[in-house]
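1. Sequence below, structure please.
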Amino acid sequence: MAAGYVTALRTSRLQALADAINAGAGPGTIKIYTATRPATGAGIGGATLLATLTFSDPCHSANAAGVLTLAAITSDVSADATGTAAWARIESSAPGFVADISVSATGGGGDLQLNTTSIVTGGTVAIATGGTITDGNP
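-> Numbers count the residues shown, from 1 in each chain. Presented below is the predicted three-dimensional model:
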């Protein structure tokens, strides 16, 4: 069974995540890639960059009760390449690695869920709303 944490600690952990994304002079990014996700924070290897989405600066509008509410995320209106989205890297503008996350189609269980994982060069890749990140308990 996974550990469960008091709400104040969950909220603090999410604030640390927001602070990491907000580090640097500008907004953080979500870079979406093909191929197998590398070891956490390692080089991207043979993965192809498909699209880059940009967080608002700061990245969040609220943080309470173990839920970080993200502010608007700017679309990539011209995807870099064609391929199947498999994972994404969150970076600060420092620049710097913050997190690697899974990507799936809506309902597929990925950390980031897109309406489709099929991305086409020059196409738009968007997140309809900012979304939330929950530091949940089992």
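2. From now on I want contacts and neighbour counts done on CA atoms only, so please keep to that.
-> OK.
3. Count residues in the vicinity of S104, would you?
-> 19 (other CA atoms under 10 Å).
4. Am I right that it sits in a strand?
-> Yes. Assessed by DSSP: H, G, I helix; E, B strand; the rest coil, S104 belongs to a strand.
5. Wait, it touches S118, no?
-> No. In this structure S104 lies outside contact range of S118 using CA atoms under 8 Å: 10.0 Å.
6. Spell out which residues are contacts of both of these two.
-> Residues touching both S104 and S118 by CA atoms under 8 Å, 6 or more residues apart in numbering: A85.
7. for R13, helix, strand, or coil?
-> helix.
8. One more: R37?
-> Under three-state DSSP, the three-state class of R37 is coil.
9. same check, this time on R89
-> strand.
10. Residue ranges in this protein under the pLDDT threshold?
-> 138 (pLDDT under 70).
11. Which stretches in it count as strands?
-> Assigned by DSSP state E, the chain shows strands spanning 29-33, 49-55, 60-64, 67-70, 73-74, 83-84, 87-92, 96-105, 112-114, 118-119, 132-134.
12. Okay, buried residues for the last one please.
-> Within strand 132-134, the residues that qualify as buried by neighbour count (16 or more other CA atoms under 10 Å) are I133.
13. contact partners of it?
-> 14, 66-70.
14. Just checking: what are the partner strands of that strand?
-> Paired neighbours of strand 132-134 in the sheet (DSSP bridges): strand 67-70 (antiparallel).
15. For the strand it pairs with, list every residue counted as buried.
-> 67-70.
16. JSON lines for the residues you listed, including distance to V77?
-> Formatted as JSON lines, the buried residues of strand 67-70 follow (distance: CA to CA, whole Å):
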{"residue": "V67", "distance to V77": "28"}
{"residue": "L68", "distance to V77": "26"}
{"residue": "T69", "distance to V77": "23"}
{"residue": "L70", "distance to V77": "20"}
